[in-house]
Each structure stands twice: as structure tokens, then as C-alpha cells.
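Undergrad: Turn this into a model:
(one chain, ligands or ions: 2)
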Amino acid sequence: MIYLKSPREIALMREAGRLVAQAHLVVKQHMQPGITTREIDLAVEDFIRSKGCIPSFKGYRGFPASTCICVNEEMVHGIPGARKLQAGDIVKVDIGVIYKDYHGDSVWTYGVGELSPEKKHLVEATENSLMAGVAQAFPSKYMGDIGHAMQKVAEDNGYVVQREYGGHGVGRNLHEDPSVPNFGEPGRGIPLRVGMTIAIEPIVCVKDPSALTLSDKWTVVSKHNHLSAQCEHTVAITKDGPQIMTVL
Ligand code: MG
Ligand code: MG
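TA: Ligands and ions are numbered 1, 2, ... in the order given. Okay, the predicted model is just below:
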């Protein structure tokens, strides 16, 4: 069931999203060689709680941390831990915040120090893929338009999108209907409607997106050790088009 949100609810989600964006500034400050992913996680949790809010992911279906952090070949749902970041790593940090019962959800991919041109290109293409998807979020369009736009940017850059893990509705629940695939056909899928709030979150892989889940039951990695990047915004569909929630 898709819950359409009122302007009041969208305003609350905007505040949740603003806090997510602020938490990403905390991440940016900590993104340096030698830091562990757990230290980044704790800094984000401290920030969220200092605002009187709750990290969406902590305890969600038993998830043990406040952020998901994935390095290089790790793809999604990584549990922060003792891994030390090294110069040249790409690091995907996914953050959710609950503000007055509403969630904001956003992933960004960071570089540690200077990235190789190949990694830089992957990260930029992923950001462009996300924004191409966001640009389709109009009430006259279909879910397939969003997926197609993301897929096209990825493929035009020589990459492939991950098809097993995609976006989702978000609101009072971290994950709700509808699902938001990273691929699609223009004009296909459910019609987009005013009041839908969705997390758009392409995972772009350099090649073969095959994935497997580690024995921690959460961390999903590339089966063949390939790099991937991911970017995500929470977006409300308004009569005038997309309103991005997860910005400052
Ligand atoms: Mg997320
Ligand atoms: Mg999400």
C-alpha cells in the first residue's frame, strides 16, 4: 500500500532530510585515512542524538549500527567495524534519521584522499544517475521513467546498475511501498502521484553486479570484487515535480 503524504507530513520529512544532510557533513569531516568505519558510525550517531533524533537503521530488523558503510567492493548494507580507511578508497555511507516519526534516508559515496580517475568517474556517474532519476519524479510520469533514466546514465558511462537492490517508499516507515527499481522502461510501472515520498538510490557497478551476502547476514559484497558506488536522496513528488528532502 502506498501512503500519500500531506504537505504537513512532507514538511516533517524535509526536516528529517535536512538532519540527514547535516549528518553527511559530519561524515565528510571524518573521511580520512586511518579512521575506522565504526568511528564514523559513532560520530554520526552522536550527531543525530545531539539533535534529539533517532538513527533510523539502529535496531532496524536487528541491524547493529546507525549507518551502513561500504568500502570499495562492498556494495550495500555494510556493518561499520574495525576496517581502517585507506587513501584511494571509495566509501558509501548510508544514513537515516527519524524526526517526529518521519524518516529521511540518503547515501553518498566519498573518496578518501585523492581518487584515481577511474574511481572519480564512477562516483560522478553515480551522482548523475541519481539526479537523472530524481528529474523524472513528476506526477505525469511513471516509475519506469525514473529507473530508465538512472540505468541510461549508468550504461552510457560503461557501467551497469544493480537490479537486486533498489529504492523504496519512505515516510513513517523506513521502507514502504512502492519499490523504486534502478532500471526500467519509459512509461511503464506505477504512475507517480502527488504526495508520494520515495528514496531513489542507484547502485552503479563497474561491471557484473552479481552480489553475495557475508556471514554477518547484512554486508552485501560484489561476487567478483568489482567496485560500485551508490547515491541516494529522499524525494517528495509534488505537483511541480521533485522536491529533494535530503539537502541542507
Ligand atoms: Mg539509505
Ligand atoms: Mg534507502
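Undergrad: Stretch 239-248 close to ligand 2?
TA: No: interface with ligand 2: stretch 239-248 contributes nothing (CB under 5 Å from the ion), its closest point being 10.1 Å away. Every C-beta, even on glycine, is put in place using the N, C-alpha and C of the backbone.
Undergrad: Actually, stretch 129-137.
TA: No: using CB under 5 Å from the ion, stretch 129-137 stays clear of ligand 2, coming no nearer than 11.7 Å.
Undergrad: what does that stretch rub up against?
TA: Residues outside stretch 129-137 that contact it (CB atoms under 8 Å, 6 or more residues apart in numbering): 145-154, 161, 192, 198, 200-202, 204, 231-233, 235, 237, 241-242, 244.
Undergrad: Name the nearest residue to M143, ignoring sequence neighbours.
TA: Once flanking residues are discounted, M143 sits nearest to G189: 3.4 Å by CB to CB, 6 or more residues apart in numbering.
Undergrad: show me the contacts for the one you found.
TA: Applying CB under 8 Å, 6+ apart, we find G189 in contact with Y142, M143, G144, D145, G147, P181.
Undergrad: Burial check on the last one, number of neighbours?
TA: P181 sits with 22 neighbouring residues when counted by other CB atoms under 10 Å.
Undergrad: again, but for the first one
TA: Residues within reach of Y142, counting by other CB under 10 Å, total 19.
Undergrad: Ok, the fifth one next?
TA: Applying other CB under 10 Å, we find 28 residues neighbouring G147.
Undergrad: Kindly report the same for D208.
TA: D208: 11 surrounding residues under other CB under 10 Å.
Undergrad: One more: the one 5 residues further on?
TA: Other residues near T213 number 13, with proximity taken as other CB under 10 Å.
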